[in-house]
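Visitor: Model the following, please.
(chains A and B)
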Amino acid sequence: MDWIQILNNSASSIISPATLAYALAALGLAVHFGYAGLLNMGIAGFMALGAYGYAIGILTFNLPWWAAALLGLAASAVFALILGIPTLRLRGDYLAIVTIAAAEVLRLLFLTTTFDEVTGSADGLSGYHGSFRASNPIPEGTYGFGPFMYNEIGWWVRILGIIALILAAVTVWRLMSSPWGRVLKGIREDEDAVRALGKNVFSYKLTALVVGGVIAAAGGIVYALPSAVNPGVYVTSLTFFVYTALLLGGAATVFGPLVGSLIFWVLQTVLGNVLPAAVDAGLLPFMSNIQAQTLRFILVGIALMLIVIFRPQGILGNKKELTFVK
Amino acid sequence: MTRPGAAVATRMPRAFALVVAFLAALIALSTLAGVGAASADEIDTDEYPYRISGNVQLDGNPLAGVELTVAGQGIDTDVKTDDKGQWAVGVPERNAKYTVTLDETSLPEGIAVVDETDDTPNVKDAEVGPGGRVTVNFFIGEGTRNVTSFADQFVERVINGLRFGLMLALAAVGLSLVYGTTGLSNFAHGEMVTFGAVMTLVFSNFLHLPIYLAIPIAIVLSGGVGFLLDAGLWRPLRRRRTGIVQLMIVSIGLSLAARYTFQYFIGGSTTQLPGADARPIPLFGSVSLSVIDLVSTGISILVIVAFACWLLFTRIGKATRAISDNPSLAAASGIDVDRVVRIVWIMAGALAGLAGVLYAYYRPGIKWDMGAEFLLLLFAAVTLGGLGTAFGALVGSIVIGLIVEVSTLWIPSDLKFAAPLVVLIIILLFRPQGILGRRERVG
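Guide: Just a heads-up that it's a prediction; the model follows:
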């Protein structure tokens, strides 16, 4: 086994676009699930809207890349409003079913051959990088040290992703320590009590749904920045993986989603490298290479169960601030 | 559709605007389906290794924009000819039969597929041989079209919808009872469906048992899985007083783990059960069903009726309904809640396993994530009928089955699973408790 290579890949995944995208999506979900107690099972739909809004904005409407990114965020905000207005009055598990259904409807709309010219149906979208790469201020070349060696495009994607993540994290942190955030946490703990204090619970929840949805859409855009948009990514499994990352770090925290996504992707990369290498070295004689790759996802499922049963507050969370009260 | 919408508009303006938006989206969809001239001449040829292709010409001139559908072995792909009149579709299996249908309404006026020897010249069987490639050509000329009338198509879709709905109901009543008795929205129910199908596959294809033995063994094992899950996972968690949201997320983890475990063992491809290629027998109109279709529909009806009798007339059935209604009161009146919940889990597992076997014939084919695509329809059915009510789940399933099949008369067939989910969201706006649910359950 080539341990140096495996260590390099794993360290490199710390700031990979996928990790940054998951961190943003998990942060959005923290606003929904961790702070507001909304059981949003459609985070994949919000990410898909960000990614498709960005790609379609460039390819179909010929927008510059930053305007297309704004389009993706706006699409997600509109989706949150459409989803929230009818469902936020319902009990939590209804919200879960409606959001998972709405995300799946979105995915099927992106997948159908009916809108092939706009969405690329099963092939997805690619080739929208022109204006984004033209705006890159970094001169051509390869930079970095150790495992973090990337070319100018790689760095541009990562820098923008990190800036988006810092902006989002600061926003969430400020919001949640403001009076608005305290009301939101109050709604999570006891909706009726907050209503008795004269607060408009519905509008607080709706705002939280929009804010979290926009942050998750930013995650979708970061996911789409370096490569292509593929409808096979935005399945319900993506929602479940983001939940795993969020619960691993701690649902009602600002740094929990970041730490959770980081651990999730580093572990995925370690296992994705070590298991096939172990198969090749003959250490796991009962397993094929493809099976070794599948094993990673089985472990994600088991990990999710164990976290929720034994440490529902996550690594950074506070047991008193559990979001599972109801 | 406008009348009830307008009546509600005065009470719920915002919700009404939403419905209008949804309806507008649906209408936009259906019109786009008619006029959208996507230059999609090669579909899925990257995804699947084998291909069916052809050439549509009239007197040597290519015809562009002619619509064809390739169906069979779990795929149902629409394709249009390009400027050269050519088309190609990727297919998952070789040594297998597919049906290629040319949509005659997409041909120019007065032109049709002509073949004196064939009653339905626009529908052709294509057998992909060991080479993995086959060409299908249609004879096009002036003549009368072979068009199935709208009424015939409607009847055919309604019958398919009922078959699908009954099969959905088998799994949905279990999901609904588990929810009613324990409060758990079980996201792993789809994997219990897959489990039944995969076990049938193991016993029939790998251990070479006859199919009439393999299916009962698979169903018994599915019931066993229900028992084990309750005894090993859910009952201990109930003892710990784990919250229902927490339980729901545990079931999501279980669903992921189980789904990928299936992929671990059977791989990513689609496998057929014995008898899946049975020939359809024409019954009446344009309805034709194979023996397997008829038998599975009969089994669904029988099992559902038996289940309903069990729920209505036996002691345990009554106890189950009592617990669904009010668990504390049921426990206080001397019902052994744990025992009833155990029985509910066993029945839910066995019924889900049976639904999986029937679904494997309906799709057709067994795939590791077949339960995941089933799960959302199950949730839609259960929610539509009213969470926690077994008969609501039955009604909801049949409604969902009908919507899935009948909606394809107006919207593209690759959106047929989206239609019931949109309907679910709209219905929840007006009647959040579902069709048979009670108002106070909504909270």
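Visitor: hey, where'd the helices end up in the stretch 51-200 of chain A?
Guide: Assigned by DSSP state H, counting those that start in this stretch, the stretch 51-200 of chain A shows helices spanning A:65-87, A:92-111, A:116-119, A:130-134, A:152-176, A:179-189, A:191-196.
Visitor: tell me what the fifth one is packed against?
Guide: Secondary-structure packing of helix A:152-176 (3 or more C-beta pairs under 8 Å, 6 or more residues apart in numbering or on different chains; DSSP states H and E): helix A:17-29, helix A:130-134, strand A:142-145, helix A:179-189, helix A:201-224, helix A:255-280. No exception for glycine: its C-beta is placed from N, CA and C like everyone else's.
Visitor: which residue sits closest to residue 106, ignoring its sequence neighbours?
Guide: By default, I'm working from chain A. When the adjacent residues along the chain are set aside, residue A:106 lies closest to residue A:45, with 4.5 Å between them (C-beta to C-beta, 6 or more residues apart in numbering or on different chains).
Visitor: Please refer instead to chain B.
Guide: Spatial nearest neighbour of residue B:106, excluding adjacent residues (C-beta to C-beta, 6+ apart): residue B:67 at 4.1 Å.
Visitor: For the one you found, list each beta-bridge partner.
Guide: The partner list for residue B:67 in beta bridges (DSSP bridges) reads residue B:80.
Visitor: Please identify the residues of the stretch 301-443 of chain B in proximity to chain A?
Guide: Residues of the stretch 301-443 of chain B lying near chain A by C-beta under 8 Å from any C-beta of the partner chain: B:372, B:376, B:379-380, B:383, B:387, B:412, B:414-415, B:417-418, B:421-422, B:424-425, B:428-429, B:432, B:442-443.
Visitor: Pull out the buried members of the residues you listed.
Guide: B:372, B:376, B:379-380, B:383, B:387, B:412, B:414-415, B:417-418, B:421-422, B:424-425, B:428-429, B:432, B:442 (16 or more other C-beta atoms under 10 Å in any protein chain shown).
Visitor: one step back: does the residue nearest to residue A:106 count as helix, strand or coil?
Guide: Residue A:45 carries the three-state label helix when classified by DSSP: H, G, I helix; E, B strand; the rest coil.
Visitor: Format the helices and strands packed on helix A:152-176 as CSV; extra columns: distance to residue B:298 and mean pLDDT.
Guide: Converted to CSV, the helices and strands packed on helix A:152-176 look like this (distance: least, C-beta to C-beta, whole Å; pLDDT from 0 to 100):
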stretch, distance to residue B:298, mean pLDDT
helix A:17-29, 46, 96
helix A:130-134, 59, 88
strand A:142-145, 67, 86
helix A:179-189, 50, 92
helix A:201-224, 47, 95
helix A:255-280, 46, 91
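Visitor: most packed of these?
Guide: helix A:17-29 (a mean of 28; mean count of other C-beta atoms under 10 Å in any protein chain shown).
Visitor: Run the contact check for it versus chain B.
Guide: No: against chain B, helix A:17-29 shows no contacts by C-beta under 8 Å from any C-beta, the least distance being 12.1 Å.
Visitor: what helices or strands is that helix leaning on?
Guide: On a contact count with 3+ C-beta pairs under 8 Å, 6+ apart, helix A:17-29 meets helix A:43-59, helix A:152-176, helix A:201-224, helix A:236-249, helix A:255-280.
Visitor: how about the helices in the stretch 301-443 of chain B?
Guide: Going by DSSP H, counting those that start in this stretch, the stretch 301-443 of chain B shows helices at B:315-325, B:327-332, B:337-362, B:370-385, B:390-406, B:418-430.
Visitor: ok, back up a step: so which of the helices and strands packed on helix A:17-29 comes closest to residue B:140?
Guide: Counting by C-beta to C-beta, residue B:140 lies closest to helix A:43-59 out of the helices and strands packed on helix A:17-29; the figure is 35.8 Å.
Visitor: which SS class is residue A:252?
Guide: coil.
Visitor: Which residue, neighbours along the chain excluded, lies closest to it?
Guide: Nearest residue to residue A:252 in three dimensions, chain neighbours excluded: residue A:34, at 3.9 Å (C-beta to C-beta, 6+ apart).
Visitor: before we move on, the earlier item: tell me how many other residues crowd the residue nearest to residue B:106.
Guide: 17 (other C-beta atoms under 10 Å in any protein chain shown).
Visitor: one step back: how about JSON lines for the helices and strands packed on helix A:152-176, with distance to residue B:88 added?
Guide: Rendered in JSON lines, the data for the helices and strands packed on helix A:152-176 read as follows (distance: least, C-beta to C-beta, whole Å):
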{"stretch": "helix A:17-29", "distance to residue B:88": "34"}
{"stretch": "helix A:130-134", "distance to residue B:88": "30"}
{"stretch": "strand A:142-145", "distance to residue B:88": "41"}
{"stretch": "helix A:179-189", "distance to residue B:88": "54"}
{"stretch": "helix A:201-224", "distance to residue B:88": "29"}
{"stretch": "helix A:255-280", "distance to residue B:88": "34"}
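Visitor: Could you list the low-pLDDT ranges of the stretch 1-150 of chain A?
Guide: Applying pLDDT under 70 to the stretch 1-150 of chain A flags the ranges A:1.
Visitor: What residues does residue A:160 make contact with?
Guide: Applying C-beta atoms under 8 Å, 6 or more residues apart in numbering or on different chains to residue A:160 gives the contacts A:222, A:225.
Visitor: was I right about the residue nearest to residue B:106 contacting residue B:101?
Guide: No: contact criterion C-beta atoms under 8 Å: residue B:67 and residue B:101 do not qualify, at 9.1 Å.
Visitor: just to revisit the earlier point, out of the helices of the stretch 301-443 of chain B, which is closest to residue A:66?
Guide: So among those, helix B:418-430 is nearest, using C-beta to C-beta, at 31.7 Å.
Visitor: Can you check which of the helices and strands packed on helix A:17-29 gets nearest to residue B:89?
Guide: For the helices and strands packed on helix A:17-29, proximity to residue B:89 was assessed by C-beta to C-beta; helix A:43-59 is nearest, at 25.1 Å.
Visitor: got the angle for the closest one vs helix A:236-249?
Guide: Orientation of helix A:43-59 against helix A:236-249 (axes from the mean of the first three to the mean of the last three C-alpha atoms, to 10 degrees) gives an angle of 120 degrees.
Visitor: who touches residue 154 in this structure?
Guide: Since no chain was named, I'll use chain A. The contact partners of residue A:154, taken as C-beta under 8 Å, 6+ apart, are residue A:226.
Visitor: Please refer instead to chain B.
Guide: B:406, B:409.
Visitor: sec struct for it, please.
Guide: Look at residue B:154: counting by three-state DSSP, its state is helix.
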